[in-house]
Each structure stands twice: as C-alpha cells, then as structure tokens.
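Colleague: next one to model:
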Amino acid sequence: MTHPGAMLQTDIDVSVEAIAQLSVVPRILDAVVRATGMRFAAVARVTDNRWTACAVRDDLGFGLKPGEDLVLETTICNDIRSHRHPVVFGHASQHAVYSTHHTPKYYGLESYASVPIYTVGGEFFGTLCAIDSRPVSVDEDRLATEMILYGELIASQMALEGRVEYAERALRTSMDEGVLREQFLAVVGHDLRSPLQAAGMAAEALADMPLPPRAGRLAKVITASAKRMTDLIDDIMDFARARLASGIPVAQLDQSDLAAMVGRVVAEVSAAHPTATIVSDLDIPRALRFDPVRLQQLLANLLNNAMTHGDTRRAIRVDGRVEDNAVVLEVTNFGTPIDPATQGMLFQPFYRPESATPRPGLGLGLYIASEIARAHGGTLTVCSSTDEGTCFTLRLPLTGA
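Modeller: Okay, the predicted model is just below:
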C-alpha cells in the first residue's frame, strides 16, 4: 500500500514540474516584481501541511529555490488557504492587523502581496506571492486585482499544458497500439506461410495422382484455396512492411522491355478472367530501371481491381508512354464512376467501397500498389467520370531525368 506521505510528495513534485514547464511563469514573476515594487516573487503549492516553492524570482536574497519548503504555519499563505482572500500590505509595522502578525516578524517583512491560485476545476492550488524587507507604496485593491489575473493566467496555462500532455500521451498510446497490431499481422503472416505452403504442395501432388473424379476436383479446390490464401498473406506482409519498415522494399534493375512485362501480367490476369478483354498500347522506346516483380504486382493489382469493380463487357485498357521525363502507365476500365469523396479513400489500407455484392480481398490491393509506386519515387493517382471511365495513372520518373 502506498504511504500517504509518498503520495503527497509525488503530488508536490508534479506541481513543481508543471509550473517549471510553463514559459509564461518567469515573465509573470517579472511583472509581479515590477507591479509590486518588491524584490521577491514566487508561485507556491500550498496544501494542508506543506508550502513548497514551484517558481521563484529572488532579487532580495531570500535564498529560497524551486522545490524547497517553508514551514507552513509560518506563512500568511496558510491563512489564505483557509479564508481564500488576497492579502496585500505595503508597511507591516504600521499595519492595523499585520503589525502584530507572526509572519512579518518571523521573516523580517515589511511589504507583502499574495493571492490564491485555483485550478480550472476550482480547486485551491496555492498562491502567487511577493515579499520585501522594505516598505513599498501600493494600491492594495488594484494590486490584488492585477495579481489575481496573473494567477488565473497561470491556472489556464497549467490546464492547457495538461491537455496537450494528455493528447500527446493518447497519441503515443494509439501509435504504440497501431505498431503492435501491425507487428502482430507480420508475425501471423510469417507463421502461416509454412503450413500453407505444405498444404498447397500436398494438394498439387494429389492433383497429379490418378484419383477418382471427385477427389481430383477437391484437390484442385484445395490448390486454388491455398493460392488465394497465399495471396492474402502476401498482402498482409506487404502492408506490415510498408507500415513498419517505412515503405515496401524494391530492387530497381535495368529493364529493356516494359512491354514484355506488361504482356506477361495481362496474360496472367486474362487467364483468370477468360470472359474479360484487356487491350494494351505501349510506346516506351527506352530502357528503364524498376523492380520487375513489384511492378508486375502493382499492375496485377490494378487489373484485378478493374475486373472486380469495372464493367467487364467493355475492354480494359493498358496504355503506356513517355511524358515529361516520366513513364506513364494507365489502366482504364468502364463502369459506375467513383465519386470524388471515395477517390480520396481508395489508396487507404483496408478501405473497401460499399457494395451490394460481396467483394473478395482485404482492401489492400490499391494501398500496396500506391506504396510500390512511392518506393520507386513515383505516384499512383485516379480519376473517374462517366465518359472517360475510371483511370489509374502510374507515373515513374525516368532514370537521370
């Protein structure tokens, strides 16, 4: 069980640190010194058993430093903690009340000004005070009003600093949780690969055996399902790499024939969608540098997206050209136009547009495609209209451009 004294010390330490973090406090203490004509000013944390200096301006040589205490019962601040009213006087030895008060005598004070500080929630925090061993001429009411305003400013700054600190903690917690989730995905994706590969290889081996018709069909289903699950895990791994490793890694190599690469991807996607038509028109006369595996993945993601969301009764187009020191690849499909608000969300991870028809996948294809483009120093954008269709445009800078 935590000792009450330890809890109080923690509260005092927090208060001293909170005041120390406020850049406005030294300026307020300077203003208090000028306004009062007194040579010592402080912000004090005052509880029912402690008086602790949180910030000090000492031109008097009083010798008190932040974090140090005065005996509570020797202070007028203890009285203020009880009655919650300002106390201001300029000449204690001639004052009707404070000429006989123990505090001026104990500390050798002639002038004094102190006002309560409340938290924004209305709780008593402590005092803003000033003292001097010499008398000063003060307008007590005016000075009390001015110092109360300074106290309110300190309280509001403490509240603001507290809200900022809370927001930063919440943000750090959110970021930590997000990283943890992404690390979990990466571990799960990695650990699922081995058993899934074993299942896929076993299914392929079964498919090559002389099996009864039904068993052969089941082997093909297992093979297709294993391939589909492998694709999903690959997407998860790419997502984790993009988020945890600051981008998807690429190995850019000199490539002499982009058209051939596009042709391979088109043939692969066409084989999976035999009723759809894909036409390509590429005019890229020069060699390029890119990661062929990743660029094929990017193009396959765009074509599969077109198959899923476009009208496959109309041809899907793949166009390529050199334009303004960049290679431009466009994948265009026709169907229901994408509204501008949705366009801005397409490249977000796990985003899937609302649809009455269930869609396969995790909603990572376009996100991964955009990350691959970014890893190449390029961009992936989209535009959509009824007349022109939906066009995804990949723009990659030419080497040495």
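
Colleague: dump the residue contacts of residue 299.
Modeller: 261-262, 265, 318, 329, 331 (CB atoms under 8 Å, 6 or more residues apart in numbering). Every residue, glycine included, has its C-beta placed from N, CA and C.

Colleague: which of the residues you listed are buried? Put it as a ChimeraX command.
Modeller: ChimeraX command restricting the contacts of residue 299 to the buried ones, with burial defined by 16 or more other CB atoms under 10 Å:
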select :261,262,265,318,329,331
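
Colleague: pipe the contacts of residue 299 into CSV and attach distance to residue 311 and pLDDT per row.
Modeller: What follows is the contacts of residue 299, written out as CSV (distance: CB to CB, whole Å; pLDDT from 0 to 100):
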residue, distance to residue 311, pLDDT
261, 26, 86
262, 22, 88
265, 21, 89
318, 16, 93
329, 21, 93
331, 14, 94
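
Colleague: so which of the contacts of residue 299 comes closest to residue 302?
Modeller: residue 331 (4.2 Å; CB to CB).

Colleague: mind checking what secondary structure that closest one has?
Modeller: Taken by DSSP: H, G, I helix; E, B strand; the rest coil, the conformation at residue 331 corresponds to strand.

Colleague: got a list of what it touches?
Modeller: 299, 302-303, 306, 316-318, 391-392.

Colleague: and those as a markdown table, adding distance to residue 48 and secondary structure?
Modeller: Shown next, in a markdown table, are the contacts of residue 331 (distance: CB to CB, whole Å; DSSP: H, G, I helix; E, B strand; the rest coil):
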| residue | distance to residue 48 | secondary structure |
| --- | --- | --- |
| 299 | 73 | helix |
| 302 | 70 | helix |
| 303 | 74 | helix |
| 306 | 73 | helix |
| 316 | 78 | strand |
| 317 | 79 | strand |
| 318 | 78 | strand |
| 391 | 72 | strand |
| 392 | 69 | strand |
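
Colleague: out of those residues, what pair is the most spread apart?
Modeller: Spatial extent of the contacts of residue 331 (CB to CB) is set by the pair 299 and 391 at 13.9 Å.

Colleague: hmm, back to that, filter the contacts of residue 331 down to the buried ones.
Modeller: By neighbour count, with 16+ other CB under 10 Å, the contacts of residue 331 hold 299, 302-303, 306, 316-318, 391-392 as buried.

Colleague: what is the mean pLDDT for the helix or strand hosting residue 232?
Modeller: Assigned by DSSP states H and E, residue 232 belongs to helix 213-244. Averaged across helix 213-244, the pLDDT comes to 72.

Colleague: check the gap between residue 123 and residue 81 for me.
Modeller: The spacing between residue 123 and residue 81, counted by CB to CB, to the nearest Å, is 12 Å.

Colleague: between these two, tell me which one has more neighbours.
Modeller: More crowded of residue 123 and residue 81, by other CB atoms under 10 Å: residue 81, with 18 against 8.

Colleague: the more buried one reaches residue 48, doesn't it?
Modeller: Yes - contact status for residue 81 versus residue 48: in contact at 7.4 Å, counting by CB atoms under 8 Å.

Colleague: for residue 196, give me the pLDDT.
Modeller: For residue 196, the pLDDT comes out at 68.

Colleague: again with residue 286
Modeller: For residue 286, pLDDT reads 69.

Colleague: the helices in the protein, which residues?
Modeller: Under the criterion DSSP state H, the chain contains helices at 4-20, 24-36, 77-83, 102-107, 140-207, 213-244, 258-272, 292-309, 340-343, 365-375.

Colleague: and those helices, which is most packed in?
Modeller: Most buried of these by mean neighbour count (mean count of other CB atoms under 10 Å) is helix 365-375; its value is a mean of 23.

Colleague: report the distance from it to the chain centre.
Modeller: 21 Å (CA atoms, centre = their mean, to the nearest Å).
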